[in-house]
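K.L.:
Next come a sequence and a model predicted from it.
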Amino acid sequence: MLRIHKTHLLILSFLILASPVYSAAAENIPWSPDQATGAPNSPKVGDQKTAWASLAQDKGAEWIKLEYKTPVEVHAVRIYENFNPGAISKVTGFDKEGTEVLVWEGKEPLKKAPNIFEVQSDSKLVSQSIKVYLDTTRVKGWNEIDAVQLVGSDDSKQWATKASASSTYATRNAKREITWETLPPSVIKTFPQAGSTDVDPALKEISVTFSKDMLTERMWAVVQISKEMFPKTRKGIHYLKDKRTCVIPVDLEPGKTYVLWFNRGRYNSFRDTENNPAVPYQLVFKTKLK
């Protein structure tokens, strides 16, 4: 998920072991199971607060359970995936006695997001409760689900009204103990240095170094606030082997003032390995005349 968007910014970014069940209330909390109820509402590919995400990435078994208004004979289950699809391992339903019945089990084909993964039932299961299992080790990164549609044998279609899950990234918003792992990374060095007024316009790379190891797989947000004061960038943004220094290839002009933000507002793809967004940092420098 390497893409460049330039509308008041340049952003490049791309979005388990079982833990206590989390049942979403009606507050519409970002990344909570409640985000998988109703019709799909994550318009963009990638990490979206309007989809359900598990607490951790790449940890193994996770599940989300969806409840529907009307019991129907299950014909199909359609799972709308907006981020890193391919981790679904099993789909089940619950009959009126509460017995869990297998609908599908296997290895979901790998496809690009957004993806609608549909499984069909061979049984005569009548249900208003569907459970989707994931093996989050199958596809790297968070595997987010935007919505799950229940299709009846009468061709009726329903969106979930309630949801619960094995875990949710929403719990990270709760008050946490302050530790090295929970504190956000910060910028400790840039090249050129902020405030420099005699930068060589022949410089071909800007670099930023953070205080912690970072997520390095296409996770960065270099943001512009002014097109005139933003350097021309080239392909090849990358992290060094230290996993803390990000390098941005540029073409500079003499006698110009440049302003870049590393993370700003909702553009916060510079994140450490615990997925904590880096503290926003503004780099301002000026190139010298030839």
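P.N.:
Yep, that arrived.
K.L.:
Any stretches of the stretch 1-150 of the chain with poor pLDDT?
P.N.:
1-28 (pLDDT under 70).
K.L.:
again, 90 this time
P.N.:
1-30, 42-46, 56, 59, 96-98, 122-123 (pLDDT under 90).
K.L.:
all strands of it, in order?
P.N.:
5-6, 10-11, 22-23, 61-83, 88-94, 100-105, 115-120, 126-135, 144-152 (DSSP state E, counting those that start in this stretch).
K.L.:
How about the longest one, which residues are buried there?
P.N.:
So that's strand 61-83. 61-66, 68, 71-72, 74-83 (16 or more other CB atoms under 10 Å). (Glycine included, C-beta is placed from N, CA and C.)
K.L.:
What are the structural domain limits within the chain?
P.N.:
15-171, 187-286 (automatic domain parsing).
K.L.:
tell me the mean pLDDT over the last one?
P.N.:
What it means is domain 187-286. Mean per-residue pLDDT for domain 187-286: 94.
K.L.:
what distance separates that domain from the centre of its chain?
P.N.:
Remark: domain 187-286 is offset 21 Å from the chain centroid, using CA atoms, centre = their mean, to the nearest Å.
K.L.:
Now do the end-to-end distance for that domain.
P.N.:
By CA to CA, to the nearest Å, the extent of domain 187-286 from end to end equals 19 Å.
K.L.:
quick revisit: out of the domains of the chain, which comes closest to Ile178?
P.N.:
domain 187-286 (11.8 Å; CB to CB).
K.L.:
so which of the domains of the chain is the most packed in?
P.N.:
Highest mean neighbour count among the domains of the chain (mean count of other CB atoms under 10 Å): domain 15-171, with a mean of 19.
K.L.:
chain center to it, what's the gap?
P.N.:
With CA atoms, centre = their mean, you get 16 Å for domain 15-171.
K.L.:
same thing with stretch 275-287?
P.N.:
21 Å.
K.L.:
give me the beta-bridge partners of the residue lying closest to Lys65 once chain neighbours are set aside?
P.N.:
What sits nearest to Lys65 in space, not counting adjacent residues and going by CB to CB, 6 or more residues apart in numbering, is Lys131, at 4.6 Å. Under DSSP bridges, the beta-bridge partners of Lys131 are Lys65, Thr92.
K.L.:
So Gln57 sits against Thr136, correct?
P.N.:
Yes: with contact defined as CB atoms under 8 Å, Gln57 and Thr136 form a contacting pair (6.4 Å).
K.L.:
I'd like the domains of the chain as TSV, with distance to Trp180 appended.
P.N.:
Output for the domains of the chain, formatted as TSV (distance: least, CB to CB, whole Å):
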stretch	distance to Trp180
domain 15-171	17
domain 187-286	8
